[in-house]
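S.K.: need a structure here:
(one chain, ligands or ions: 2)
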Amino acid sequence: MADDGSPSQGEGPSGSGLGPMNMNLPSTDSGEGNPESEGQDQLPLPTRTLRDLLNPPRDLARMRQRLFEVKDKIELQVDEFERYWPYIDNVWVRQHKAGTDKSGRVITDYYACRLQRPTYTPKSDTPRRDGQPTRKKQIREGGTCQMRLKTIRYEGGYSGYTIVKVGDETQHTHDLEHIDKIKRTSVLMEIARSEVMKGYMPASVFTVMNEDMEKLIAAGGRYLNRNDVRNASQHWRQNHREELRVHEGYKYDHGNGIVRHDGATQTTQLNGDTQMVDPALTNIPPLPPGTLRFPESGRAFLEPYLPPTEPAVDESGFPHVTLTYATSMDSSLTLAPGMQTILSGPETKAMTHYLRSKHDAIVIGVGTAAADDPALNCRLEGVGGFGGLGWEGQPRPVIIDPGARWMITPQSRVLQTVAAGKGRGPWVIMAPGFAMDPMRLELLKYYGGKYLGLTDFDKKWRLRWEAILKALAAEGIKSVMIEGGGMVINDLLQPENAGFINSVIVTVAPTYLGKGGVGVSPAPVHDHTGRPQPAVKFQNVKWQPLGEDVVMCGKLQKQAIMAQPTASGVNSQFEG
Ligand SMILES: NC(=O)C1=CN([C@@H]2O[C@H](COP(=O)(O)OP(=O)(O)OC[C@H]3O[C@@H](n4cnc5c(N)ncnc54)[C@H](OP(=O)(O)O)[C@@H]3O)[C@@H](O)[C@H]2O)C=CC1
Ligand SMILES: Nc1nc(O)c(N)c(N[C@@H]2O[C@H](COP(=O)(O)O)[C@@H](O)[C@H]2O)n1
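M.R.: Ligands and ions are numbered 1, 2, ... in the order given. As a prediction, the model looks like this:
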């Protein structure tokens with residue numbers, strides 16, 4: 001067929017009897033058909049079909065733009081990387097062979113923008129081996145953009161990709177559309193080839209691929225043309241000379257090429273692919289059981305208490321700290337020490353997970369880790385592992401365990417959660433002198449966790465909160481949600497520590513747990529005359545009923561930390 005859809009060379013029968021080639025994985029820069037295309041021996045069997053075009057991965061256009069710009073670090077689970085990368089591989093050309101670290105678990109690949117390659121000027125039009133007419137070589141644009149990135153693939157207790165920019169360039173010298181114009185993505189070429197391999201004419205495939213222009217553009221196909229479809233399928237067509245046909249519901253219309261029959265719908269023409277609307281066939285995975293929803297309409301009351309987005313770190317250099325927990329009417333966290341007690345109702349539980357999604361890290365004491373065996377992830381709809389990408393919205397679990405007494409095993413929920421791609425590897429804050437045994441250390445690392453050693457103690461031989469928070473800030477943590485348990489909360493509410501708290505969000509459940517549990521009640525505070533004072537008083541207070549619970553939100557003023565303990569252990573002053 002010619003460009004208008006009339007028959008042309010290579011689309012009709014001739015027959016060599018060779019089947020589709022046995023196939024290596026596609027290289028990033030396969031050179032498959034487009035203005036630059038060269039030979040296409042050794043192409044893998046296509047796995048992408050028209051379905052992939054009509055059921056694109058979620059947010060494809062936005063993701064292509066993100067993977068083009070790489071403004072910030074992008075973390076993707078392996079299946080997500082494999083889903084999106086073929087839609088952007090027209091931009092990124094692999095530079096050299098992957099490097100693997102000593103453990104064999106970290107594989108790094110380097111890529112450069114297609115326009116980093118030098119300009120190519122053909123000397124002459126080289127004759128082709130297969131006796132085909134000489135193809136007009138074009139001058140290839142190049143040497144104009146220095147953007148580079150690396151992909152780091154981790155394989156261990158979990159697997160995933162991290163994509164980061166490398167080098168000095170901060171942005172491309174051109175936009176994404178410019179690359180879409182000069183090079184097609186491998187996924188588009190594969191879709192084109194797979195359709196022709198079903199026995200359809202390239203011109204018909206081209207028409208069908210253009211049916212939903214918006215989706216084609218989102219996939220990078222704004223400049224897809226009939227020659228691309230021909231190029232993509234050329235090798236197969238040379239070896240399969242049977243008669244090719246137009247798609248059902250389409251016809252050849254002289255002067256207009258392949259067009260849809262009057263009255264035919266897009267589903268008639270796509271015959272075998274009509275179940276494309278079946279969610280099971282879409283590229284959007286179902287939400288896992290236990291996914292929580294916290295309605296947008298109910299979030300406003302929390303806004304003033306959340307970490308700021310800009311500037312992310314205040315000038316003090318400390319992360320934003322939110323103290324949040326659930327308590328009974330008698331200020332108890334649990335029925336008995338070492339026992340987990342569910343206090344939050346479904347609504348406040350969902351709120352807690354919304355709060356988790358807004359913080360970089362969750363901090364608990366080892367008493368809680370031992371008692372609760374918590375997952376410490378965020379299970380809110382839309383975060384990574386729960387409908388979102390990568391680990392977006394997943395906080396880093398941090399366990400304060402100075403004596404290395406947390407008996408972490410592969411069965412621990414936090415590690416099981418990491419293995420399922422639904423949370424991050426935990427960081428353990430330890431004190432020197434209590435070395436964690438090498439097996440547990442290795443286990444932590446294998447699941448993407450690590451330990452941080454601190455040496456800065458207070459008078460009671462506790463690690464100073466200042467040191468803990470600074471260490472987390474040094475690791476890039478800009479906001480911390482401190483969840484408990486009793487010792488941690490009471491310690492933080494001491495006058496010398498309370499100034500590190502920015503917001504307090506406490507769920508009060510309509511329950512008395514009775515004496516004998518783990519209580520929240522900080523040590524008493526006295527003024528300079530020895531008169532008792534409130535230990536902590538909050539500002540900007542809001543009480544919000546949520547389900548059967550009520551949520552108290554408050555702020556702490558920085559001057560609260562001005563109070564110092566007296567020599568007798570009594571605080572000299574406190575400003576509530
Ligand atoms: N209702 C709710 O919202 C919540 C309830 N809980 C409950 O609380 C209970 C656990 O509370 P609790 O037993 O008080 O334990 P914590 O979780 O408060 O852990 C306390 C331990 O953590 C270590 N630690 C914490 N802070 C420091 C520090 N600054 N310096 C040095 N070490 C530190 C110490 O370990 P070491 O002793 O080894 O020195 C300390 O004994 C559990 O039953 C849990 O279910 C927990 C969180 C929230
Ligand atoms: N907000 C809240 N309400 C309760 O009733 C609780 N018991 C807790 N406990 C905290 O949440 C952790 C459990 O987390 P996962 O659900 O396992 O992820 C637990 O360790 C406490 O920190 N919180």
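S.K.: close to ligand 2, is stretch 288-298?
M.R.: No - figure legend: stretch 288-298 not in contact with ligand 2 (C-beta under 6 Å from any ligand atom); closest approach 9.5 Å. Placement of C-beta: from N, CA and C, glycine included.
S.K.: model confidence over that stretch, on average?
M.R.: If you average the pLDDT over stretch 288-298, you get 96.
S.K.: cool, and stretch 427-442?
M.R.: 88.
S.K.: May I have it as PDB, with CA atoms only?
M.R.: Provided in PDB are the C-alpha atoms of stretch 427-442 (Å, rounded to 0.1, in the frame of the first residue of the first chain):
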ATOM      1  CA  TRP A 427      16.200   2.300  60.100                       C
ATOM      2  CA  VAL A 428      17.200   1.400  63.600                       C
ATOM      3  CA  ILE A 429      18.800   4.100  65.900                       C
ATOM      4  CA  MET A 430      21.300   2.400  68.200                       C
ATOM      5  CA  ALA A 431      23.800   3.500  70.700                       C
ATOM      6  CA  PRO A 432      27.500   2.400  70.500                       C
ATOM      7  CA  GLY A 433      28.500  -0.500  72.700                       C
ATOM      8  CA  PHE A 434      25.400  -2.500  71.900                       C
ATOM      9  CA  ALA A 435      26.400  -4.000  68.600                       C
ATOM     10  CA  MET A 436      23.600  -5.600  66.700                       C
ATOM     11  CA  ASP A 437      24.600  -9.100  65.700                       C
ATOM     12  CA  PRO A 438      25.800  -9.300  62.000                       C
ATOM     13  CA  MET A 439      22.900 -11.500  60.900                       C
ATOM     14  CA  ARG A 440      20.300  -9.000  61.900                       C
ATOM     15  CA  LEU A 441      22.400  -6.200  60.400                       C
ATOM     16  CA  GLU A 442      22.600  -8.000  57.100                       C
END
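S.K.: Which positions within it qualify as buried?
M.R.: Neighbour-count burial for stretch 427-442, with 16 or more other C-beta atoms under 10 Å as criterion, is recorded at Trp427, Val428, Ile429, Met430, Ala431, Met436, Arg440, Leu441.
S.K.: Out of these, list just those in helices.
M.R.: Arg440, Leu441 (DSSP state H).
S.K.: Include distance to ligand 1 when you put the buried residues of stretch 427-442 into TSV, please.
M.R.: Listed next are these as TSV, based on distance: C-beta to the nearest ligand atom, whole Å:
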residue	distance to ligand 1
Trp427	14
Val428	11
Ile429	8
Met430	10
Ala431	7
Met436	12
Arg440	15
Leu441	17
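S.K.: Next step: the buried residues of stretch 427-442 restricted to strands.
M.R.: Trp427, Val428, Ile429, Met430 (DSSP state E).
S.K.: Please name the nearest non-neighbouring residue to the most centrally placed residue in the chain.
M.R.: For the chain, the residue lying nearest the average C-alpha position, counting by C-alpha atoms, centre = their mean, turns out to be Gly390 (2.3 Å). Nearest residue to Gly390 in three dimensions, chain neighbours excluded: Glu75, at 3.8 Å (C-beta to C-beta, 6 or more residues apart in numbering).
S.K.: And for Glu69?
M.R.: Closest to Glu69 by C-beta to C-beta, 6+ apart is Gln171, at 6.9 Å.
S.K.: One more: Arg114?
M.R.: The nearest residue in space to Arg114 (C-beta to C-beta, 6+ apart) is Val93, at 5.4 Å.
S.K.: and that neighbour, how many residues sit next to it?
M.R.: Counted with other C-beta atoms under 10 Å, the neighbours of Val93 add up to 19.
S.K.: OK, contacts around the residue in the stretch 101-250 of the chain positioned nearest to ligand 1?
M.R.: Using C-beta to the nearest ligand atom, Gly157 is the residue of the stretch 101-250 of the chain that sits closest to ligand 1, at 24.1 Å. Residues near Gly157 by C-beta atoms under 8 Å, 6 or more residues apart in numbering: Pro410, Leu415, Val418, Ala419, Gly425, Leu443, Tyr446, Tyr447, Gly448.
S.K.: mind running it again at 7 Å?
M.R.: Leu415, Val418, Ala419, Tyr446, Tyr447, Gly448 (C-beta atoms under 7 Å, 6 or more residues apart in numbering).
S.K.: Report the separation between the residue nearest to it when sequence neighbours are not counted and Glu177.
M.R.: Residue nearest to Gly157 in three dimensions, not counting chain neighbours: Tyr447, with 3.5 Å by C-beta to C-beta, 6+ apart. Separation of Tyr447 from Glu177 (C-beta to C-beta, to the nearest Å) stands at 41 Å.
S.K.: If you count surrounding residues, which of these two has more?
M.R.: Using other C-beta under 10 Å as the criterion, Tyr447 and Glu177 rank with Tyr447 on top: 24 against 12.
S.K.: show me the residues around the more buried one that make contact.
M.R.: With C-beta under 7 Å, 6+ apart, Tyr447 has these contacts: Gly156, Gly157, Tyr158, Leu415, Val418, Gly425.
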